[in-house]
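[1] Next one to model:
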Amino acid sequence: MFIKKICGDNLSLQKVPLLNKNDYDRLIENNFVSRIAFNGEYPYIAPFLYVFHENKLFFLSTKYGKKIRRLKKNPQVAVEIEKYASDLSEYQFVTLQGQIVEEESVNKQKEVRKLFAGLIESKNLSRNILAALGHSPDDPLECLVEKECSYVWKLVNIEKIIGIKNKE
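    Prediction:
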């Protein structure tokens, strides 16, 4: 009754606009932090840095932890990337559903590690992020490339992409 009194009889469902391919490609290309939802006895969500290279999302992770156990049991994930104004007056989200697999090519692994080092340097990110990538924050960035303290993952077999925004 309260809502009817405030809004009147013309209640209508407001649909959130979808992002088109160009919009979500730009969102993915212009950001570097994602959240990955893993399957298991309950959903598990963790933040990950990513690089977008050759139309693929690549991730680095430590070689231990819950995410590794979950990926071994079931590589199906949902990856979410978002951008929003601090007051939430504008927002965009994209979710990609697919599988995360380890990059097998040693050369590609090294190339991706170089991209991550470049990302950290170009965005002037805190060296504390290195701990999430299997390294000490005191390590020079070259260690990220030369030492294999982290797994290199890629998102493959993308089955669905859903993007939303608040403005047309």
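[2] ranges for the strands of this protein?
    Counting by DSSP state E, the chain has strands at residues 33-38, 44-53, 56-61, 76-84, 91-102, 151-165.
[3] Any idea how far the fourth one is from the middle of the chain?
    Taking the mean C-alpha point of strand 76-84 and that of its whole chain, the gap between them comes to 5 Å (CA atoms, centre = their mean, to the nearest Å).
[4] average pLDDT for stretch 86-99?
    Across stretch 86-99, pLDDT averages out at 94.
[5] So which bits of that stretch are buried?
    Counting neighbours by 16 or more other CB atoms under 10 Å, one finds that the buried residues in stretch 86-99 are Gln92, Phe93, Val94, Thr95, Leu96, Gln97, Gly98, Gln99. Glycine gets a C-beta too; all of them are placed from N, C-alpha and C.
[6] one step back: so which of the strands of the chain is nearest Gln109?
    With CB to CB, the closest approach to Gln109 among these belongs to strand 151-165: 4.4 Å.
[7] what does the closest one contact?
    Contact with strand 151-165 is made by 16-20, 23-24, 27, 56-63, 68, 71, 77, 79, 90-103, 108-109, 112-113, as judged by CB atoms under 8 Å, 6 or more residues apart in numbering.
[8] Let's see that with 7 Å instead.
    Residues outside strand 151-165 that contact it (CB atoms under 7 Å, 6 or more residues apart in numbering): 16-19, 23-24, 56-61, 63, 79, 91-103, 109, 112-113.
[9] Could you list the buried residues of that strand?
    In terms of neighbour count (16+ other CB under 10 Å), strand 151-165 has its buried residues at Tyr151, Val152, Trp153, Lys154, Leu155, Ile161, Gly163, Ile164, Lys165.
[10] Any idea how many residues pack against the residue lying closest to Glu29 once chain neighbours are set aside?
    Nearest non-adjacent residue to Glu29, counting by CB to CB, 6 or more residues apart in numbering: Phe52, 5.5 Å away. Using other CB atoms under 10 Å, Phe52 has 17 neighbouring residues.
[11] out of the contacts of strand 151-165, which are buried?
    Neighbour counting over those (16+ other CB under 10 Å) leaves 19, 23-24, 57-61, 79, 92-100, 103, 109, 112-113 as the buried ones.
[12] residue ranges with poor pLDDT in the chain?
    Applying pLDDT under 70 to the chain flags residues 1-11, 168.
[13] Just the buried positions in the longest helix seen in the chain, please.
    Ranked by residue count, the top helix of the chain under DSSP state H comes out as helix 106-122. Residues of helix 106-122 classed as buried by neighbour count (16+ other CB under 10 Å): Lys108, Gln109, Glu111, Val112, Arg113, Leu115, Phe116, Ala117, Ile120.
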